[in-house]
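> Structure for the following, please:
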Amino acid sequence: MTGATGATGVTGATGTTGAGPARRGRGRPSRRETAAAPATRDRILEAAREEFSERGYEKTSVRGIAKAAGVDSALVHHYFGTKEQVFEAAIEVAFAPALNAPDAVAEGPRDAVGERLTRFVLGIWENPATRAPLLAIVRSAVNNETAAAVFRRLVAAQLLRRISGQLGLPDAELRAELAAAQLVGVAMLRYVIKVEPLASADLEQLVARVAPVVQGHLTNP
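Numbering: from 1, shown residues only. Okay, here's the model as predicted:
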C-alpha cells in the first residue's frame, strides 16, 4: 500500500503521466519565446545596434544584448548565432538606406552622377535617424578587425559591386571604391571626428565642392 502510494507520488512529480509541465532542454528558448517572433527578433536587433554603438564591438557581449532586449541569451543565439553574426544582422538593417545608392548612380544623366551620389550619401548622414546606426557601424569597424571584416563584406557585396556594375567603364570597381573613399572620408571628418569648419559647413556648400571630385572618380578617363 505504501509502495503503491510512493510510486504514484513519484509518477506525479516526474510528470510521466502527463500531469506535469514538459521540461525544455538547457539553453533552448521556450515555445512562448520563439512564438513572439518577429517582434522579439526586431527587439534583439535594436538592442544590438544600441549596444554596439555605445560599447563598440569588443566590449559588447551576447549576454549584454540579451539583457538590453529583455530576453534570455539563448534566444539571441537561437536567432542569430555568434556575436559576429548578430553584428552582421544588426548592421545590415542599419545600413539598408545606403544600399539604395546604386539607384542614385543609375537614374539620371551620366554627367551629374557625382552630385547625385554625393547628395544621397551625405543626406543619409544628415538624417539623425539614419546617422545613429551608421555611427555604431563605423566605430565598431574602426576599432575591431572582426567588425571591419563584416563591414567590408557588406559594403563590397551589396554596394560597391552594384555601383561599379552601373558604370560600364574600365576599372569600374576601383572607380567605385575611390568615390566611396572620398565620401566616407568626408563623413568621418564631419560626423564622427567633427573637425571644424567641415563639421559646421553648409550641406549645399559641401555638395558643390565634393561632387566634382566624386564625378571625376566615377567617369573621367
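
> Quick check: residue 187 touching residue 125?
Yes. When contacts are counted by Cβ atoms under 8 Å, residue 187 is listed as touching residue 125 (5.1 Å). Every C-beta, even on glycine, is put in place using the N, C-alpha and C of the backbone.

> any residues in contact with both of those two?
Residues touching both residue 187 and residue 125 (Cβ atoms under 8 Å, 6 or more residues apart in numbering) are residue 134.

> Surely residue 65 is in contact with residue 86?
Yes. In terms of Cβ under 8 Å, residue 65 counts as a neighbour of residue 86; the distance is 6.4 Å.

> who touches both of the two?
Taking Cβ under 8 Å, 6+ apart as the contact criterion, the residues that touch both residue 65 and residue 86 are 44, 48, 76.

> Report the contact partners of the second one.
Put plainly, it is residue 48. Taking Cβ under 8 Å, 6+ apart as the contact definition, residue 48 lies against 60, 65, 69, 86-87, 89-90.

> Torsion angles phi and psi at residue 220?
Recorded main-chain torsions at residue 220 are phi -70, psi 150, according to degrees, to the nearest 10.

> Just after the top helix by length along the chain, pick out the following helix or strand.
When secondary structure is assigned using DSSP state H, the longest helix within the chain turns out to be helix 39-59. Under the assignment DSSP states H and E, the closest C-terminal helix or strand after helix 39-59 is helix 62-69.

> How about residues contacting that next one?
Contact partners of helix 62-69, identified using Cβ under 8 Å, 6+ apart, comprise 40, 43-44, 46-48, 50-51, 55, 72-73, 75-77, 82-83, 86.

> swap the cut-off to 10 Å and go again
40-52, 54-55, 60-61, 71-77, 80-83, 85-87, 90 (Cβ atoms under 10 Å, 6 or more residues apart in numbering).

> roughly how far apart are the residue nearest the centre of the chain and residue 137?
With distances taken as Cα atoms, centre = their mean, residue 91 lies nearest the centre of the chain, 0.5 Å away. Distance, residue 91 to residue 137, by Cβ to Cβ, to the nearest Å: 5 Å.

> ditto for residue 90
With Cβ to Cβ as the criterion, residue 90 and residue 137 are 9 Å apart.
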